[in-house]
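Novice: Any chance you can model this:
(chains A, B, C and D)
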2 protein chains.
Amino acid sequence: MKVTINDVAKLAGVSMKTVSRVINNEPSVRKKTHDLVMAAVKELNYQPNLAARNLAGTSSYAIGLVYDNPNAYYVIDMQNGVLSRCRQEGYELVIHPCSYADDNMKNELKTMIRRSRIAGLVLTPPLSEQQDLIDELDEMNMHYVRILSGRGDNNDNSSCIYVNDFAAAYEITTHLLQLGHKNIAFICGDQGHKSTAERLAGYQQALADHHIEAREGLLYRGEYSFESGVEGAKELLKDGNTLGITAVMGGNDEIAAGALFAARLMNIAIPGELAITGFEDSPFSKQTWPKLTTAHQDNDEISQHAARLLFSKTRGARNQDKDICRIFTPSLVIRGSSDAETA
Amino acid sequence: MKVTINDVAKLAGVSMKTVSRVINNEPSVRKKTHDLVMAAVKELNYQPNLAARNLAGTSSYAIGLVYDNPNAYYVIDMQNGVLSRCRQEGYELVIHPCSYADDNMKNELKTMIRRSRIAGLVLTPPLSEQQDLIDELDEMNMHYVRILSGRGDNNDNSSCIYVNDFAAAYEITTHLLQLGHKNIAFICGDQGHKSTAERLAGYQQALADHHIEAREGLLYRGEYSFESGVEGAKELLKDGNTLGITAVMGGNDEIAAGALFAARLMNIAIPGELAITGFEDSPFSKQTWPKLTTAHQDNDEISQHAARLLFSKTRGARNQDKDICRIFTPSLVIRGSSDAETA
DNA sequence: TTCGTCCTTGACACCGGTATCATTAGGAAA
DNA sequence: TTTCCTAATGATACCGGTGTCAAGGACGAA
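Specialist: Below is the predicted model:
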């Protein structure tokens, strides 16, 4: 039932240490020996015991995924992507949701790291933006990879994966401008999140490039939630839409869905009287009426890449590709909420 | 930086084994000794190393969550519930999504269990319904807790938590009947899932109790997806709704949202011309227009309970509460999709 | 052939806890 | 106080691997 490295060693007629070498792809093993051991491994269906490896080895066989994100779809995407690479590499994944607002967060995190002997961490926004957390991790010499909203502007590129929200927002805004919209409102997500700033900046830049003034009155500062989208739209469009708004950009799909809901409440036709756009291309952006124009973000690819990058770091410098730090730019997906033609 | 059990033992002036006893709440420790050790633990901020415990002990300090469910909200709810209890008990959670259709599933699962020395598993539907998987787990003497759709009708109550979909479907159907609906259609979820059968049975029982024939033509057998809801509603309501359907029950919220979408396509007013209901009370059931009448299922409570039950099993019989096996009945939530008053 | 070097391999301690069993201490009964 | 029994504690092996370092072997050069 339980096969240990010793059994394999006996069957192959070599020492335990040699089996260990083969399992871990260490150099300095004769091909003949390697094959011999592998045959024994296969025959016995040997599976190394993770606990023992973790205990004995310098580095462990588990990585952590840290997130503070209420968006279930996002979290699941991240988990699945990271997990699929973990399986390939024989690692375990320890998930660690933790509240950003909570002051005990860092202590909890440190506790987790110490208890489970984590080899590295994948940090997702907005936690990945917390400089004090990063500093702590640096201090304890922990490997990590950050998924960040940005344009590659960070100084520590080796550990960052960027999502270019700026470019995506620029593209969405341009799309609306090309449809003839002039008064485009924007419902922001959480203040303090980098993505909020980046998306807003992209929107403003696009307006500027088209010589349109970005009026403060067209901005609603909310958070990344459906409710916020409802509130924002109500506020922006109140009193019979005195501002003459013809398009509303939501900070993400949930906000956009909320705006859609509010428009419905106010008997405003979408997209006839008002265009609405989202961000992220969550599954439910295809389930609203009409479907949401949004920017597609390939979370699976992003998370897999994050895991790959992390593994290359934990394994040491030998195969640290130079170009492994990538910038992902979400791509515009036009649907019925901005363009009746594509409904 | 790194505090071992040895450090604690020295500081407290006792043996390592005694510290171990205190940490694990074993009997036969004098109160004075206990306090002495705990003081040392606190002072050094000692955290037991999970890998070492797993390796040395007979049972491990990790449990697994196994799921094959495309519903992100459901999975996240389960994870968070189980995780919160894990933290209280000092356990790790290893998540293990696995495809039910895949024949390699069981092998993968066994591999995982052997590698990580899992102490127990929480099984969610539909995987929890796979008898061959259960048999395998029994054979390898693995602890597990199943979350199942049902009414407590299983023979092995000690490891089951039931969600009474039958009662919930009965309640929803009754609600529609009381509103005066006679021709109530039902869009089923995946065939073979217990929940599909239970929900359908509840619907049929309610009709029977009201002396209404359950016509086969009012049934659409789909799967638990938005698309299926769209297709189902289109099919049921085709040709100007010759069947005279005035209400559609969706097998879950996604199906209901799809039906809502289809109704919109066909210019059918909700709830005026057609009532629609869902199941589960996912977050997006509050984000459709109109909001969905549905059955609220307390996933957080369910998953926490599952973890609690699992821990009581892995710890042995001493604190296995008798009444710990529970049946959760989702409760009716009336919203605008069935009743205009509550919009 | 002999020597030296580098490549392979093995022996053994050790990671940080727990299980087992022997030992000691404490308290009740005699 | 002594005796005896039980509860509390300690010593030590062990879980299943990896790190370290020393020994053995292959191979080219002299």
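
Novice: Show me the shaky parts of chain A.
Specialist: Across chain A, the stretches falling below the confidence threshold (pLDDT under 70) are A:1, A:100-101, A:114-116, A:154-158, A:315-324, A:342-343.

Novice: can you list the domains in it?
Specialist: As assigned by automatic domain parsing, chain A contains the domains A:5-48, A:62-164+A:299-329, A:165-297+A:332-342.

Novice: I'd like those as a markdown table, with mean neighbour count and distance to B:Ser225 appended.
Specialist: Backbone N, C-alpha and C define where each C-beta goes, glycine included. Converted to a markdown table, the domains of chain A look like this (neighbours: other C-beta atoms under 10 Å in any protein chain shown; distance: least, C-beta to C-beta, whole Å):
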| stretch | mean neighbour count | distance to B:Ser225 |
| --- | --- | --- |
| domain A:5-48 | 15 | 36 |
| domain A:62-164+A:299-329 | 18 | 14 |
| domain A:165-297+A:332-342 | 21 | 10 |
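
Novice: Relative to DNA strand C, which of those is closest?
Specialist: Distances from DNA strand C to each of the domains of chain A were compared by C-beta to the nearest atom of the strand, and the smallest falls on domain A:5-48, at 3.4 Å.

Novice: now that closest one: how far from the chain's centre is it?
Specialist: What separates the centre of domain A:5-48 from the centre of its chain is 38 Å, taken as C-alpha atoms, centre = their mean, to the nearest Å.

Novice: what's the span of that domain, first residue to last?
Specialist: The separation between the terminal residues of domain A:5-48, taken as C-alpha to C-alpha, to the nearest Å, is 7 Å.

Novice: Could you identify the helix or strand that succeeds the helix or strand hosting A:Phe311?
Specialist: Using DSSP states H and E, A:Phe311 sits within helix A:299-314. Using DSSP H and E, the next helix or strand after helix A:299-314 towards the C-terminus is strand A:327-328.

Novice: List the pairing partners of that following strand within its sheet, with orientation.
Specialist: The strands beside strand A:327-328 in its sheet (DSSP bridges) come out as strand A:160-163 (parallel).

Novice: what does the strand it pairs with rub up against?
Specialist: Contacts made with strand A:160-163 from outside it, assessed by C-beta atoms under 8 Å, 6 or more residues apart in numbering or on different chains, are listed as A:145-152, A:154, A:195, A:297, A:302, A:305-306, A:309, A:325-330.

Novice: let's see it at 10 Å
Specialist: Contacting residues not belonging to strand A:160-163 are listed as A:122-125, A:128, A:144-154, A:194-195, A:198, A:280, A:295, A:297-299, A:302-303, A:305-306, A:308-310, A:324-330 [C-beta atoms under 10 Å, 6 or more residues apart in numbering or on different chains].

Novice: need the strands for chain A, in chain order.
Specialist: If DSSP state E is used as the criterion, the strands of chain A fall at A:62-67, A:92-97, A:120-123, A:143-149, A:160-163, A:184-188, A:219-221, A:247-250, A:275-277, A:294-296, A:327-328, A:331-333.

Novice: Which among those is found nearest to B:Arg264?
Specialist: Set against B:Arg264 and scored by C-beta to C-beta, these come closest in strand A:275-277, at 15.8 Å.

Novice: just to revisit the earlier point, so can I have a markdown table of the strands of chain A showing distance to DNA strand C?
Specialist: Conversion of these to a markdown table gives the following (distance: least, C-beta to the nearest atom of the strand, whole Å):
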| stretch | distance to DNA strand C |
| --- | --- |
| strand A:62-67 | 15 |
| strand A:92-97 | 17 |
| strand A:120-123 | 19 |
| strand A:143-149 | 19 |
| strand A:160-163 | 31 |
| strand A:184-188 | 46 |
| strand A:219-221 | 47 |
| strand A:247-250 | 49 |
| strand A:275-277 | 53 |
| strand A:294-296 | 46 |
| strand A:327-328 | 39 |
| strand A:331-333 | 48 |
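
Novice: For chain A, what lies in contact range of DNA strand C?
Specialist: Of all the residues in chain A, those in contact range of DNA strand C (C-beta under 7 Å from any atom of the strand) are A:13-18, A:21, A:27-30, A:32-33, A:52, A:55-56.

Novice: Which helix in chain A has the most residues?
Specialist: Across chain A, the longest stretch assigned as helix under DSSP state H is helix A:72-89.

Novice: what's it packed up against?
Specialist: Judged by 3 or more C-beta pairs under 10 Å, 6 or more residues apart in numbering or on different chains; DSSP states H and E, helix A:72-89 is in contact with strand A:62-67, strand A:92-97, strand A:120-123, helix A:299-314, helix B:72-89, strand B:92-97, helix B:105-116.

Novice: 8 Å instead?
Specialist: strand A:62-67, strand A:92-97, helix A:299-314, helix B:72-89, strand B:92-97 (3 or more C-beta pairs under 8 Å, 6 or more residues apart in numbering or on different chains; DSSP states H and E).

Novice: what angle separates it from strand A:92-97?
Specialist: Comparing the axes of helix A:72-89 and strand A:92-97 via axes from the mean of the first three to the mean of the last three C-alpha atoms, to 10 degrees yields an angle of 160 degrees.

Novice: Now do helix A:72-89: distance to the chain's middle.
Specialist: Averaging C-alpha coordinates over helix A:72-89 and over its chain gives two centres that are 10 Å apart (C-alpha atoms, centre = their mean).

Novice: what's the closest of the helices and strands packed on helix A:72-89 to B:Phe186?
Specialist: With C-beta to C-beta as the criterion, B:Phe186 lies closest to helix B:72-89 of the helices and strands packed on helix A:72-89, at 20.9 Å.
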